[in-house]
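Trainee: model the following, please.
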Amino acid sequence: MEEKKQEKNNKLSVIQKDIADSVTTRINELQEMGALVLPKTYAVGNELKMAFFALQEVKDKNGKPALEVCTKESVANALLKMAIQGLSVWRKQCDFIVYGNKLSCEREYHGTIALALRTGQVTGIPEAEIIYEKDTFKYRIVNGKKEVVEHEQDLENIDINKIKGAYAIVPLSDGTFYTEIMTIQQIRQAWMQGAMKGQSGAHKNFT
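Mentor: So this is what the prediction gives:
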């Protein structure tokens, strides 16, 4: 039993090394071509190691380890997608999800924020607020841009079953702000694009 376990671990180590080497080689090629510029603090080797540690905990819907059921090519592509975007698993900027025998790298909220900040056009984390049914909420549109004029909310209004919508205000480098407003119907439609179709425990219990 112990020998089989050791043999399995050795085989897995070889596969991981092959994948890491191929991803690193491709990243280096893109950088040499000038087609990819990673953040100066982004260490590809370290991030790949952390990603493999995280992958050991990832399983498919049947509880089988991702590294056993997913194709070598899909694992390499998922890691390459992570590295090209300069994302980090341990910083919760992306996550790995199994679809059949394919591994996918999905960018998380923190990853989207990181990419936005790197553009230099966004100067801070967006301020987001929920709009409940009895809230006083008014906004206007000036030169095609939305501006929140008033939002008053009482503690008694807070009820996850009575959400009308939400908005986020993003500070921009030119000193202005970008505001996005969505109804709860639009938000639920956005959730439908995800793997859980808005039916995860987080969606239902912490809307």
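
Trainee: how about the helices in this structure?
Mentor: Counting by DSSP state H, one finds helices in the chain at the ranges 2-33, 44-55, 66-69, 72-84, 109-118, 184-191, 201-205.

Trainee: what about the first one, average pLDDT?
Mentor: If I follow you right, that is helix 2-33. The predicted model assigns helix 2-33 a mean pLDDT of 80.

Trainee: next: the fourth one.
Mentor: Across helix 72-84, the average pLDDT comes to 95.

Trainee: can I get it in CSV, CA atoms only?
Mentor: Extracted C-alpha coordinates of helix 72-84, given in CSV (Å, rounded to 0.1, in the frame of the first residue of the first chain):
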residue,chain,number,x,y,z
LYS,A,72,-2.5,17.6,-18.6
GLU,A,73,-3.2,20.1,-21.4
SER,A,74,-6.1,21.7,-19.5
VAL,A,75,-4.1,22.0,-16.3
ALA,A,76,-1.3,23.7,-18.2
ASN,A,77,-3.7,26.0,-19.9
ALA,A,78,-5.4,26.9,-16.6
LEU,A,79,-2.0,27.7,-15.0
LEU,A,80,-0.9,29.7,-18.1
LYS,A,81,-4.1,31.7,-17.9
MET,A,82,-3.4,32.5,-14.3
ALA,A,83,0.2,33.5,-15.0
ILE,A,84,-0.5,35.6,-18.1
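
Trainee: follow-up on the earlier one: return the most buried member of the helices of the chain.
Mentor: helix 72-84 (a mean of 20; mean count of other C-beta atoms under 10 Å). Using the backbone N, CA and C atoms, a C-beta is placed for each residue, glycine as well.

Trainee: just checking, what packs against that helix?
Mentor: Here helix 72-84 is seen to pack against helix 2-33, helix 44-55, strand 102-107 when contacts are counted using 3 or more C-beta pairs under 8 Å, 6 or more residues apart in numbering; DSSP states H and E.
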